[in-house]
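Student: Here you go, sequence then predicted model.
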Amino acid sequence: MSSKADSVGADPAGYPAADSASYRRTCAKFATGITVVTTLDSHGHPHGMTVNSFTSVSLEPPLVLVSIDLRNSILGHFISTSWFGINVLAEHQEHLSRRFSSTAENRFLDVNWRAGISGTPLLDGVLAQFECAVVQTFEAGDHTILVGEVRGAVCHEGKPLVFFDSKYRSLADREC
Ligand SMILES: Cc1cc2nc3c(=O)[nH]c(=O)nc-3n(C[C@H](O)[C@H](O)[C@H](O)COP(=O)(O)O)c2cc1C
């Protein structure tokens, strides 16, 4: 019996061939939080970008990773830095996600932040923060993976900003 998957070009395992659009659509079914990843350049200027590819990698030692598109102009700052920060956005901070994924000249304009132990910019009012020392960077496909060892971690009460199906969402109160 032939399935619909077969008719769109299934591989021997029976999965439809994943073109770029369906791959993206499928990835979008994985709900994530949203972070702003930050660093300081050699002139002391802050840089940051919106990232939802944040993943906790290891507990001992505490390692995290983010994945950055090779086409992003900000990438050079993260490749040449020894430190970076991860700021987990709270539900009222959609404007920060939009700002740090925009082409705004100065993304930090009117954004309150303080310098962490390494000088890394840490945003005020976020749900959680990690300050990380870079331990590894490597290319994977069209992205660079930045692996950091967590040297500082702080969290607060509150709800996260959620990204699901390419839209901003809030967490419902119901616990399962
Ligand atoms: C919700 C959301 C999540 C994003 N996650 C990532 C990510 O994980 N990696 C990435 O390279 N870009 C991600 N982006 C896109 C970047 O934020 C955006 O391309 C970047 O800020 C461009 O900066 P630049 O052109 O100044 O380098 C995301 C954007 C949004 C809105």
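Tutor: Nice, thanks for sending it over. Owing to the predicted nature of the structure, the values given are computational and were not obtained by experimental measurement. Numbers count the residues shown, from 1 in each chain.
Student: quick one: which helix or strand includes His77?
Tutor: Secondary structure assignment for His77, by DSSP states H and E: helix 75-80.
Student: and that helix, which residues are buried?
Tutor: Leu75, His77, Phe78 (16 or more other Cβ atoms under 10 Å). C-beta: built from backbone N, CA, C; applies to glycine.
Student: End to end on stretch 98-112, go ahead and measure it.
Tutor: Terminal residues of stretch 98-112 lie 16 Å apart, using Cα to Cα, to the nearest Å.
Student: Residues contacting that stretch, please?
Tutor: Val36, Pro46, His47, Gly48, Met49, Thr50, Leu96, Pro121, Leu123, Asp124, Gly125 (Cβ atoms under 8 Å, 6 or more residues apart in numbering).
Student: How about stretch 113-127?
Tutor: Taking Cβ under 8 Å, 6+ apart as the rule, stretch 113-127 contacts 33, 36, 38-40, 44, 46, 48, 82-85, 87-90, 93, 96, 108, 111-112, 129, 131, 133, 151-152, 155-156, 158-160.
Student: Buried members of those residues into PyMOL, please.
Tutor: The PyMOL command for the buried members of the contacts of stretch 113-127 (criterion: 16+ other Cβ under 10 Å) is given here:
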select buried, resi 33+36+38+39+40+46+48+83+84+85+87+88+89+90+93+96+108+111+129+131+160
